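K.L.:
Fold the following for me, if possible:
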Amino acid sequence: MNRNPDLLKGPMRSVLVQMTVPMMFGIVSIMLFNLADIWFVGKLGTLPMAALAFTFPVSFAVVSLAIGLGIGTSATLARRIGEGNVDSAAQLASSILLVTFLLLLLVGIGGQYSIKPIFTLLGADEALMPLITAYMQIWFAGSVFMVLNMVCNSILRATGDVRGSAMIMLLASLLNLILDPLFIFGIGPFPALGIEGAAIASVIAWGSTTLIALFLIHRRRRLLTYRLPSMSIVLGYWGELFAISLPAALSNITTPVANGVLTAIVARHGAEAVAAFGVGNRIESLALLVCLALSMSLPPFISQNFGAGQMERVKKAYALTIRFAIAWQLFIYLVLLAFSAQVAAFFSDDPDVIRWIQLWIMIVPLGFAFQATTFLSSSSFNALHQPMSALKLSLIRLFLMYLPLGWLGNYLFGLEGLFVALVVANVMTAIIAWMWMRRNLTQLMQA
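P.N.:
Sure, this is the predicted structure:
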């Protein structure tokens, strides 16, 4: 496995664009994966739909672990590739895949015995429990493939093969889209399995694409080895991985925690306000799509150049992405503002919901440029092997900015005040993130 010359010497704008565009399609495919499950299960009726909704917090906890492992994999592996350490890179990648398999084997087994107590604690009633159990038994058993899939994608991105990673995500989404109706409704020779069919379709999609990803890692990237070093060295690799992965996973969990608390605050204004806030969260994920893709393509670039000692190139890449993110998100804000009436009417025909959605569009997206600055800074900290800085930044955003200011804005000025407070929180956090990262990069260049 050789270092990627484009990441180390190629024109930064061109390289980042080539890495980011495929990731946009990959992220869209992940969204479609989840939307397909929700849409098809929704056709079964209210109870299966409610059962699937109850599974989201639990599945997101495992997904957060997967994201953390992916971030740790990308950061540690890309740095070794940047250093030109071929043997160590292959041993590290193989050790990461091994510990991922072992860890998720434990999660899968433990999950089978914890379904009833966990979902009872979450408030699921007896009518939903059989449906939840049927779905989660299969989901937990196949979760090893989902996490291995995400880790394999991170290995490919660490080498600069963002296109291969995006194609695997897209293929998984297409397989799930095809298999969902076959297993859920029983089309042709397939049995009608209901909500269990959705879980089976997901597991088959994850398992199939994981095998393809492992083939690419082995044959194209030469990063799989069957000759692992001594156990002490393997444990060292695992320690290096978890030093980044665990803080990254905790950092990733802060966003749904914040949204959960804010939703409870919004609920005081009625069901229409909650519906509008939920629509706003979906608009947010789409509005930030390009910068989210950039946050996945930037870390391998930074880590490889960090490993190669090219800190000036790292500093310029960070500054370039932040300038682009601010300009792009301000453009998106103007587009949303211009079409706010049409966007609101697309999601609802309730006049109160439409009014709240338009108010949300008028205020909240103004802070997206600064929100992008924050999560791009966090991904850069992880790429520089400083996961605790990324975690601290997420905690500052959650506990010092988002929740206190959101509560205060709502208390003083109602829902409009809450929306304004979210913008203020994003601006203040972005300023901290920018200054912190600039100082950190200066220190690294002087070291």
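K.L.:
In this structure, where is pLDDT below threshold?
P.N.:
For the chain, the stretches with pLDDT under 70 are 1-10, 12.
K.L.:
give me the number of residues near residue 352?
P.N.:
15 (other Cβ atoms under 10 Å). Quick note: C-beta positions are derived from backbone N, CA and C, even for glycine.
K.L.:
got the contact list for the residue lying closest to it once chain neighbours are set aside?
P.N.:
Excluding the flanking residues, the one nearest residue 352 by Cβ to Cβ, 6 or more residues apart in numbering is residue 272, at 4.0 Å. Residues in contact with residue 272 (Cβ atoms under 8 Å, 6 or more residues apart in numbering) are 350, 352-353, 356.
K.L.:
Please indicate which of these has the highest neighbour count?
P.N.:
residue 356 (27 neighbours).
K.L.:
Excluding sequence neighbours, find me the nearest residue to it.
P.N.:
Distance criterion Cβ to Cβ, 6+ apart; nearest residue to residue 356, sequence neighbours excluded, is residue 276 at 3.4 Å.
K.L.:
and the gap between the one you found and residue 263?
P.N.:
Between residue 276 and residue 263 the computed distance is 11 Å (Cβ to Cβ, to the nearest Å).
K.L.:
Compare the two (neighbour count), which wins?
P.N.:
Ranked by neighbour count (other Cβ under 10 Å), residue 276 and residue 263 place residue 276 first, with 27 against 15.
K.L.:
State the helix or strand in which the more buried one lies.
P.N.:
helix 271-287 (DSSP states H and E).
K.L.:
One more: residue 222?
P.N.:
Applying DSSP H and E, one finds residue 222 in no helix or strand.
K.L.:
burial measure for it, as a count.
P.N.:
15.
K.L.:
so it touches residue 93, yeah?
P.N.:
No: applying Cβ atoms under 8 Å, one finds residue 222 not in contact with residue 93, separated by 9.7 Å.
K.L.:
Need the residues touching each of these two.
P.N.:
Counting by Cβ under 8 Å, 6+ apart, residue 222 and residue 93 have no contacts in common.
K.L.:
Now for residue 408, which secondary structure element holds it?
P.N.:
Judged by DSSP H and E, residue 408 forms part of helix 403-446.
K.L.:
now that helix: how far from the chain's centre is it?
P.N.:
In terms of Cα atoms, centre = their mean, to the nearest Å, the centre of helix 403-446 is found 21 Å from the chain centre.
K.L.:
Please list all residues in contact with residue 322.
P.N.:
373, 376-377, 434.
K.L.:
where's residue 122 relative to residue 156, distance?
P.N.:
For residue 122 relative to residue 156 (Cβ to Cβ), the value is 35 Å.
K.L.:
Between these two, tell me which one has more neighbours.
P.N.:
When neighbours are counted by other Cβ under 10 Å, residue 122 and residue 156 differ, and residue 156 comes out ahead with 25 against 12.
K.L.:
So which residues of the stretch 151-300 of the chain form helices?
P.N.:
162-185, 195-215, 231-266, 271-287, 289-307 (DSSP state H, counting those that start in this stretch).
K.L.:
okay if I get these as a markdown table plus distance to residue 422?
P.N.:
Below are those laid out as a markdown table (distance: least, Cβ to Cβ, whole Å):
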| stretch | distance to residue 422 |
| --- | --- |
| helix 162-185 | 30 |
| helix 195-215 | 33 |
| helix 231-266 | 8 |
| helix 271-287 | 10 |
| helix 289-307 | 17 |
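K.L.:
Point out the most buried one among those.
P.N.:
helix 289-307 (a mean of 25; mean count of other Cβ atoms under 10 Å).
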